[in-house]
Each structure stands twice: as structure tokens, then as C-alpha cells.
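could you look at this predicted model? Sequence included:
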Amino acid sequence: MFEFSGTMDAYSIYVWPSYCVTLFSLVYLFVRSIYKSKKAKEMLNQLRKEQ
């Protein structure tokens, strides 16, 4: 069986935290972009109703 953690040896202490930070950043940016997109759509709909 392939052992992934064994291939990094001493570097795993640096690699895994950087993977976690990267994953957290990507998830945060994805969720934030969805939220801003919904907010912009609502604002656009409000502006269209006012005209």
C-alpha cells in the first residue's frame, strides 16, 4: 500500500499546515464569492424594480 506521509519524512511538518491553509483559503474565497454574487443579484433586482 502506498504510504503518502512517509514520502515527505521531515517535511510533513511544513507541508500539511500549508495544505490546510491553502484549503481553508480556497473554501473561504469560494463561499465569499457566492455570497457576494447573491448580494449583487439582489441589488440588481432592486434597481430594476425601481426603474
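In hand now; what should we look at?

which secondary structure elements does the one helix or strand V21 maps to contact?
For V21, the host element (DSSP states H and E) is helix 12-50. If you count contacts as 3 or more C-beta pairs under 8 Å, 6 or more residues apart in numbering; DSSP states H and E, helix 12-50 packs onto no helix or strand. For glycine as for every other residue, the C-beta is placed from the backbone atoms N, C-alpha and C.

for it, the averaged confidence score.
Averaged over helix 12-50, pLDDT sits at 96.

quick one: distance of that helix to the chain centre.
Distance of helix 12-50 from the chain centroid (C-alpha atoms, centre = their mean, to the nearest Å) equals 6 Å.

buried set for that helix?
Buried positions in helix 12-50, judged by neighbour count with 16 or more other C-beta atoms under 10 Å: none.

ok, so what distance separates S25 from R48?
Using C-beta to C-beta, to the nearest Å, S25 is found at 34 Å from R48.

now stretch 18-34 - C-alpha only, CSV.
Below are the C-alpha coordinates for stretch 18-34, written out as CSV (Å, rounded to 0.1, in the frame of the first residue of the first chain):
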residue,chain,number,x,y,z
SER,A,18,0.4,24.7,4.2
TYR,A,19,-2.1,22.3,2.6
CYS,A,20,-4.6,23.2,5.4
VAL,A,21,-4.1,26.9,5.0
THR,A,22,-4.5,26.6,1.2
LEU,A,23,-7.6,24.5,1.5
PHE,A,24,-9.1,27.0,4.1
SER,A,25,-8.3,29.9,1.8
LEU,A,26,-9.9,28.3,-1.2
VAL,A,27,-13.0,27.4,0.7
TYR,A,28,-13.3,30.9,2.2
LEU,A,29,-12.9,32.6,-1.2
PHE,A,30,-15.4,30.3,-2.8
VAL,A,31,-18.0,30.9,-0.1
ARG,A,32,-17.3,34.6,-0.1
SER,A,33,-17.7,34.9,-3.9
ILE,A,34,-21.0,33.0,-3.8
